[in-house]
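Engineer: show me the folded form of this:
(chains A and B)
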2 protein chains.
Amino acid sequence: MEYLIRKPTLLIDRKKCLNNISKISIKARKNNLIFRPHFKTHQSKIISQWFRDAGVDKITVSSFMMADYFASAGWEDITIAFPVNLRELDQINHLSSKIKLNILVSDINSISRLEKGLRSNTGVYIEIDTGYNRSGLGVKDYQQIDIALKQLLSSRQLKFKGFLCHAGDTYNAKSKVEVISIHDNNINSLNDLKRNFVSIAPELKISIGDTPSCSIADNFNGIDEIRPGNFVFYDLMQENIGSCTLNEISLIVLCPVVSVNSIREEIVIYGGAIHMSKEFIIDKSGNKLFGKVVLPGENLHWGDVLKNTFLAGISQEHGIIKTDAEGLKRIKIGDLVGILPVHSCLTANLMSDYIDQDKNRLDHMNSQYNKDPYLR
Amino acid sequence: MEYLIRKPTLLIDRKKCLNNISKISIKARKNNLIFRPHFKTHQSKIISQWFRDAGVDKITVSSFMMADYFASAGWEDITIAFPVNLRELDQINHLSSKIKLNILVSDINSISRLEKGLRSNTGVYIEIDTGYNRSGLGVKDYQQIDIALKQLLSSRQLKFKGFLCHAGDTYNAKSKVEVISIHDNNINSLNDLKRNFVSIAPELKISIGDTPSCSIADNFNGIDEIRPGNFVFYDLMQENIGSCTLNEISLIVLCPVVSVNSIREEIVIYGGAIHMSKEFIIDKSGNKLFGKVVLPGENLHWGDVLKNTFLAGISQEHGIIKTDAEGLKRIKIGDLVGILPVHSCLTANLMSDYIDQDKNRLDHMNSQYNKDPYLR
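Structural biologist: Take a look at the predicted model:
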């Protein structure tokens, strides 16, 4: 296989990936939670099958287009966890006549437009904001929530399902303790909310979604459903927060080494912002980093992260690795290095398809390998 | 057309784009420079034709794949301005047997590998680093350059063309004055270099590439060729440096408004990191911003940037616009807003295809519209 890897290539360690899926599946089962994983991270029909094999039959996506992609792979219970886009009502009508489709109301003004525009029965969650301040109705804003809920409960085709929250603020947490503190606060607020409205909507479900909480927390009191996505691959951002170990990160970008500067102890790779995104983290030593470096060996398996070595700079197609004398000894022009990405969702979205260590190619919704004569 | 725009869509103002092409073409002609524009910004065969119409017949690209894409559109003189990737020598051989292909040597150790691997005549530039510290041989490192040059001059199939430099440090400049200062220093160093080696390589050309210098500077003394790329669209990063005005930015991302928070004076759009990238600038007022906002009107033309309004946050598919009372009056749920991007190259690469204001669809190398049933 190696002779075919001529340009940046996204490689999955299937075993690590399956372990990640299994770990969260088991946790959900133990806590009596509906497990509705978010597929925006992998966007792959082949990987979706690995979830099906683990017993998953309900999924989350972040766009109508993605719902449609997975519906065409046989998924029949899909939540679009993104504020409903009123410009796609025709498409939503079409899809919700075929599968169980749930949409998200984040703005009270969208409800009357949905009432007018939707003809098929469609599940609706009210998006709740517990402090991330991105979208949704405030978790304490009972007055607005009451208005929205009553409108939904009196609707013929909109079927109220419950309250959905994405605690994206845990992605900015600096430690596990901080994640748990945010999460526990959210659990309390969401339980208050449930208690307040359960009498008028006895079937209402509480759905939460962030990977840090779902990975780290053990308290899911009053929660009905979890929707994490990133855990399937994990990445350096999650490792930095404490959601995973480096060894659980299940994908790397294989990048050709195109130049070595031994004076500056730097290595230039073919692999940049159009492959890995411009997302960075500041590590515990204060380094701004765009990736860590591993060396792919036999059968494309990779070992430990190289010490004193990290992806320090990135432009459109170039990456600059800072390393040391040991790194310079091990990495030569023409070699392939592996980059553990900072943000696996964005990396997979950019790379657009994968290979696994058995040399199988995996699809991605953006996949273009059919058009590329150099990918065989 | 408007009724078809249901999701984030990249819109080009063709007139602005043609003006940008024309302005730099004229400047090149006036200064007696070979104009070899970089096509990594647009990656479009249709837009490449606009350059052909302006008299361009030589181009620059940043990957072999891109060279191949444009060769298939009839371009016959292409420089791959990226450190040569030794894993693609078979492909390079194939293409350089058909067109005039130039590659880049950034590491002296690649030359012997090229000598062994290349069978067709291939033009070679030595990459020179004038202080950006990304890749290339140091502009003062005459000893290394001399070794590289003599190896190339004695080669049968490697045809030495000259010295190529990308002064990427101008992208970090805070003003026109700073760009000119970096540029003038580079001009001096490159002229010293030319004087030093012209006796053994009398035909050697000096090629420079960055958009800020090519847009702002007037001194091209001793320079033979310019290779800017970004100027075709420009963007907020270039406007911030002083390379262009806001009115010269020739593309916007049209994004549906999915939620409005009038208390926080925020607007949530369908448009995030997978559409615009995570690139940001800090503006003169200290705001971290991911885009500025315009309103598309009749015939998809857009007006001035909205005051007190900017894209302040971005996640995978969400964008958060901060605005004021006036913005809230003008922007409603279900509307389309236009985002002037921070970095147009990355935005075009992510969006993968364009429309123009005459409702024509334009290709991008990553284009996928043939596969998307919702783009018609």
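Engineer: stretch A:38-46: end-to-end distance?
Structural biologist: Between the opening and closing residues of stretch A:38-46 we find a distance of 15 Å, counting by CA to CA, to the nearest Å.
Engineer: tell me which residue of chain A is furthest from the middle?
Structural biologist: Among the C-alpha atoms of chain A, the one farthest from their average position, using CA atoms, centre = their mean, is that of A:Ile263, at 39.1 Å.
Engineer: wait, A:Ile12 touches A:Asp358, no?
Structural biologist: No. With contacts counted by CB atoms under 8 Å, A:Ile12 stays clear of A:Asp358, the gap being 10.0 Å. Glycine gets a C-beta too; all of them are placed from N, C-alpha and C.
Engineer: neighbour count winner among the two?
Structural biologist: Set side by side, A:Ile12 and A:Asp358 show unequal neighbour counts under other CB atoms under 10 Å in any protein chain shown, the larger going to A:Ile12 at 24 against 9.
Engineer: need the residues of the stretch 151-300 of chain A near chain B, please.
Structural biologist: Proximity of the stretch 151-300 of chain A to chain B (CB under 8 Å from any CB of the partner chain) is limited to residues A:168, A:256, A:258-261, A:264, A:268, A:270, A:273-274, A:277-279.
Engineer: min pLDDT across these, which one?
Structural biologist: When it comes to pLDDT, A:Gly168 is the least confident member of these, at 89.
Engineer: distance of that one from B:Ile320?
Structural biologist: Remark: distance between A:Gly168 and B:Ile320 (CB to CB, to the nearest Å) = 11 Å.
Engineer: overlap in contacts of those two?
Structural biologist: Common contacts of A:Gly168 and B:Ile320, defined by CB atoms under 8 Å, 6 or more residues apart in numbering or on different chains, comprise A:Arg134.
Engineer: pick out whichever of those two has more residues nearby.
Structural biologist: Taking A:Gly168 and B:Ile320 together and counting by other CB under 10 Å, B:Ile320 has the greater number of neighbours (22 against 19).
Engineer: and that one, what are its bridge partners?
Structural biologist: B:Val268, B:Gly313 (DSSP bridges).
Engineer: that one contacts A:Arg134, doesn't it?
Structural biologist: Yes. Judged on CB under 8 Å, B:Ile320 makes contact with A:Arg134 at a distance of 6.3 Å.
Engineer: shared neighbours of those two, anything?
Structural biologist: By the contact definition CB under 8 Å, 6+ apart, B:Ile320 and A:Arg134 are jointly contacted by B:268, B:313.
Engineer: what is the end-to-end distance of stretch A:46-66?
Structural biologist: For stretch A:46-66, the separation between the terminal residues is 14 Å (CA to CA).
Engineer: can you give me the buried ones in that stretch?
Structural biologist: A:46-48, A:50-51, A:56, A:58-66 (16 or more other CB atoms under 10 Å in any protein chain shown).
Engineer: how far does that stretch sit from its chain's centre?
Structural biologist: Here stretch A:46-66 shows a centroid-to-chain-centroid distance of 12 Å under the convention CA atoms, centre = their mean, to the nearest Å.
Engineer: out of the residues of the stretch 151-300 of chain A next to chain B, which end up buried?
Structural biologist: Neighbour counting with 16+ other CB under 10 Å marks A:168, A:256, A:258-261, A:268, A:270, A:273-274, A:277-279 as buried within these.
Engineer: now, those that are in helices?
Structural biologist: Among these, the ones falling in helices (DSSP state H) are A:273-274.
Engineer: format the buried ones among the residues of the stretch 151-300 of chain A next to chain B as a markdown table; extra columns: distance to B:Met237.
Structural biologist: Output for these, formatted as a markdown table (distance: CB to CB, whole Å):
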| residue | distance to B:Met237 |
| --- | --- |
| A:Gly168 | 26 |
| A:Pro256 | 28 |
| A:Val258 | 25 |
| A:Ser259 | 25 |
| A:Val260 | 30 |
| A:Asn261 | 26 |
| A:Val268 | 22 |
| A:Tyr270 | 23 |
| A:Ala273 | 13 |
| A:Ile274 | 16 |
| A:Ser277 | 16 |
| A:Lys278 | 12 |
| A:Glu279 | 17 |
